[in-house]
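>>> Based on what follows, work out the 3D shape:
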Amino acid sequence: MKYHPINSALFIKNRQNFASQMKSKSIAVFNSNDIYPISADSTMPFEQHRDIFYLSGVDQEESILLLFPDCPNESLREVLFVRETNEHIAVWEGEKLTKEAAFITSGIKTVYWLQDLEKVLFEMSAYADRFYINTNEHYRAAVETETREDRFTKWLLAKYPAHSVAKSNPILQRLRSVKDQIELDLMQHACNITEKGFRRILNFVKPDVWEYEIEAELLHEFVKNRSKGFAYTPIIASGNNANVLHYIENNQQCKSGDLILFDIAAEYANYKSDLSRTIPVSGRFTERQKAVYNAVNHVKKEATKMLNPGVLWKEYHVEVGKVMTSELLKLNLLDKADVQNEDPNWPAYKKYFMHGTSHNIGLDTHDYGLLYEPMQANMVFTVEPGIYIPDEGFGIRLEDDVVIQENRSPFNLMQNIPIEADEIEDLMNPS
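Numbers count the residues shown, from 1 in each chain. Sure, this is the predicted structure:
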């Protein structure tokens, strides 16, 4: 991996927290992701399943984690299975985890080769009454592909039909949404890499540059700093492209006088950052562009102040909507009649700001978190208001990643990344 080794204390603590939520006489099962084929012998770059990574730190394919906290055989309370490695595999595919390296990475003492799984699981199952299976229940999930986890679950339940079944996901939703300090440090590192990329392109953007050229500059900077690359498919949207919320073609030339909306960020050690900024191609905002920009920035600042323990996500968005409505009235994008006659289910401000303000972020860009439960300290949320005006040929979104704190103001992991309009102009026009 490109990233530096992570302290195994994180994964040990995560397993302890998960095990404390399990019912007695239960085994929890977690699988690595598949390596997905493209065609012929081509494959997509491997991305580890975030749950087994969260619980073990193992970042390679064909790995399985079993947790059985009250197993009578103490050596089987935490068991990790990894693909057997040898010199031939090392030559053709690169270094894989040895049993010793797997222990150093995870803190798990009992490590077997994957070929021993059925034998070991059979012994463990004799002590257990229940399996915790790991299904994807994220509120944005729309999965059509059968995953390695899905296939294993089918096999497991057919092999052991007398065992009852419980769900890991509700436990993980709560645990993963509240970050350990080690996780916050990794996310801060991802944000710092993102900052380097953004500062680089402030010196690179000029009229007639192509969106994909900017993408290349960002990728260069991210990978140079030990990131695998973008945390998600990058959006580099000049002019009216910014009014397409998930514009990812990045194939247009940036024209003088236009704005560029960036939704780009780096990952580090599988942890994500998520940044949006909007800059002028020519290095200066017009008066109207700056007015809209400052309105979005004001909403972002006010929304950030609201992220505190005990706040409910749904109520938070209602309050942010009120601030946005006020700004849209000042910009003459809405009038009082629009607000008075609005549909409560789709308020007037949604014409110009149609997406949510915040989502959990962590190992996934849209990370785990039960949004109907109150916010807690050490949760990390994006704050990303925007105003999109197709009739005027531009859209503006600004986004930072913010840690909720107990009895203190929210902490902005991106506080060092330029955002004020005047600062952006100064950096793009050095004297």
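
>>> And the helices in this structure?
9-19, 50-56, 87-93, 99-106, 117-127, 148-159, 169-177, 181-202, 211-224, 287-305, 313-330, 336-340, 421-428 (DSSP state H).

>>> can you pull the contacts of the nearest residue to residue 213 once chain neighbours are set aside?
In space, and not counting its chain neighbours, residue 213 is closest to residue 204: 7.9 Å by C-beta to C-beta, 6 or more residues apart in numbering. Any C-beta I mention is one placed from the backbone N, CA and C, and that applies to glycine too. Applying C-beta atoms under 8 Å, 6 or more residues apart in numbering to residue 204 gives the contacts 213-214, 217.

>>> Please name the residues that touch residue 140.
Shown in contact with residue 140 (C-beta under 8 Å, 6+ apart): residue 366.

>>> re earlier: of the contacts of residue 204, closest to residue 366?
The closest of the contacts of residue 204 to residue 366 turns out to be residue 214 (C-beta to C-beta; 24.2 Å).

>>> And the strands in the stretch 251-400 of the chain?
Listed in chain order, the strands of the stretch 251-400 of the chain (DSSP state E, counting those that start in this stretch) span 259-264, 267-268, 271-272, 275-280, 380-383, 386-389, 394-397, 400-403.

>>> ok, residue 369 - contacts?
Residue 369 makes contact with 173, 176-177, 359-360, 379, according to C-beta under 8 Å, 6+ apart.

>>> wait, residue 75
By C-beta under 8 Å, 6+ apart, the contact list for residue 75 reads 109-110.

>>> check contacts around the nearest residue to residue 115 once chain neighbours are set aside.
Closest residue to residue 115 apart from its sequence neighbours, by C-beta to C-beta, 6+ apart: residue 84 at 6.5 Å. The neighbours of residue 84, taking C-beta under 8 Å, 6+ apart as the test, are 113-115.

>>> give me that answer again for 10 Å
Neighbour list for residue 84: 62, 96, 98-99, 112-116 [criterion: C-beta atoms under 10 Å, 6 or more residues apart in numbering].

>>> Mind checking which of these are in strands?
Using DSSP state E, the subset of the contacts of residue 84 located in strands is 112-113.

>>> Just give the number of residues close to residue 267.
Neighbour count for residue 267, taken as other C-beta atoms under 10 Å: 25.

>>> Ignore what I typed, I meant residue 152.
When neighbours are counted by other C-beta under 10 Å, residue 152 registers 17.

>>> Who is the residue nearest to it when sequence neighbours are not counted paired with across the strands?
Using C-beta to C-beta, 6+ apart and skipping the chain neighbours, the partner closest in space to residue 152 is residue 31 (5.2 Å). Beta-bridge pairing of residue 31 under DSSP bridges involves residue 64.

>>> Surely residue 31 and residue 65 touch.
Yes - Residue 31 lies in contact with residue 65 (C-beta atoms under 10 Å); the separation is 8.1 Å.

>>> From the centre of this structure, give me the residue that's furthest out.
Here the centre of the chain is the reference, and by C-alpha atoms, centre = their mean the most remote residue is residue 337, at 39.2 Å.

>>> Please name the residues that touch the spatially closest residue to residue 358 that is not a sequence neighbour.
Excluding the flanking residues, the one nearest residue 358 by C-beta to C-beta, 6+ apart is residue 381, at 4.4 Å. Counting by C-beta under 10 Å, 6+ apart, residue 381 touches 177, 274, 303-304, 307, 311, 313, 316, 357-361, 367, 369, 375, 400-404, 410.

>>> measure stretch 250-269 end to end?
In stretch 250-269, first residue to last residue: 26 Å (C-alpha to C-alpha, to the nearest Å).

>>> Kindly tell me how buried the residue nearest to residue 132 when sequence neighbours are not counted is, as a neighbour count.
Excluding its sequence neighbours, the residue lying closest to residue 132 (C-beta to C-beta, 6+ apart) is residue 28, at 3.7 Å. A count of neighbours around residue 28, defined by other C-beta under 10 Å, yields 26.

>>> from memory residue 28 sits against residue 66, does it?
Yes - counting by C-beta under 10 Å, residue 28 touches residue 66, with 7.2 Å between them.

>>> joint contacts of these two?
Both residue 28 and residue 66 are in contact with residue 131, where contact means C-beta under 10 Å, 6+ apart.

>>> Name the helix or strand of this protein that has the lowest mean pLDDT.
The helix or strand of the chain with the lowest confidence, counting by mean pLDDT, DSSP states H and E, is helix 87-93 at a mean of 66.
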